[in-house]
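**Student:** This is the structure alone, sequence omitted:
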């Protein structure tokens, strides 16, 4: 989130209007406030399995700020087809694998267990299917001898901070061609 917010300056075609979290303790909320960005929290816990009510509350918080684009960053809730349909074509997500490989969790451990020689990250448009949707960018990271899930994750994270802002700039400018970083 910080990399995205900090990238939206100068001639960038987008500006941050809201940082929303489902976790009231998320560190990004204070970082957003320090940058003068409005914040909101829709804690999922009180909704106890009522995903439709949770998503209605999220949509209401978003609608109050009228975003053109929603960038998911560390939002670890699966969104329903109804929510995605409401915002279709306007939601981006970053995932720590070279999709379509390793949808879901534990991506780095799975890449290492498979003996992959490279890993990376993908920015994609969100659809109703988990970690699916048109690829808008990918960055590749070589797997090094002795890598652990944590060391690989750290190198992939560095590329996430480069890739996501690059994709957002292009997407906000109306260009959906993928960005590929080596």
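**Tutor:** That came in fine, so what should we check first? From a predicted model like this one, the values you see are computed outputs, not experimental measurements. Numbering: from 1, shown residues only.
**Student:** Could you verify my assumption that residue 99 touches residue 122?
**Tutor:** Yes: Residue 99 lies in contact with residue 122 (Cβ atoms under 8 Å); the separation is 4.2 Å. The way it works is simple: take the backbone N, C-alpha and C, and place the C-beta from them, glycine included.
**Student:** Can you pull the residues that touch both of the two?
**Tutor:** 135, 138 (Cβ atoms under 8 Å, 6 or more residues apart in numbering).
**Student:** So those two - more neighbours on which side?
**Tutor:** Comparing residue 99 with residue 122 by other Cβ atoms under 10 Å, the one with more neighbours is residue 122, at 25 against 20.
**Student:** quick one, strands of the protein?
**Tutor:** For the chain, applying DSSP state E gives strands covering 19-21, 39-41, 70-72, 91-95, 118-125, 135-142, 179-181.
**Student:** what about the ones you listed, which gets the closest to residue 29?
**Tutor:** Closest of the strands of the chain to residue 29 is strand 39-41, at 4.8 Å (criterion: Cβ to Cβ).
**Student:** and that closest one, which residues are buried?
**Tutor:** Applying a neighbour-count criterion of 16 or more other Cβ atoms under 10 Å, the buried positions in strand 39-41 are 39, 40.
**Student:** Go through stretch 167-182 and flag the buried ones.
**Tutor:** Using 16+ other Cβ under 10 Å as the burial criterion, the residues of stretch 167-182 that qualify are 167, 168, 169, 170, 171, 172, 179.
**Student:** Check which helices and strands whichever helix in the chain runs longest is in contact with.
**Tutor:** If each helix of the chain is counted by residues according to DSSP state H, the longest one is helix 149-172. Contacts of helix 149-172 with other secondary structure elements, assessed using 3 or more Cβ pairs under 8 Å, 6 or more residues apart in numbering; DSSP states H and E, are made with helix 2-7, strand 91-95, helix 107-113, strand 118-125, strand 135-142, strand 179-181.
**Student:** nearest to residue 150, of the ones you listed?
**Tutor:** Distances from residue 150 to each of the helices and strands packed on helix 149-172 were compared using Cβ to Cβ; the minimum, 7.8 Å, belongs to helix 107-113.
**Student:** Any buried residues in the closest one, and which?
**Tutor:** Of the residues in helix 107-113, those buried by neighbour count under the rule 16+ other Cβ under 10 Å are 107, 108, 110, 111, 112.
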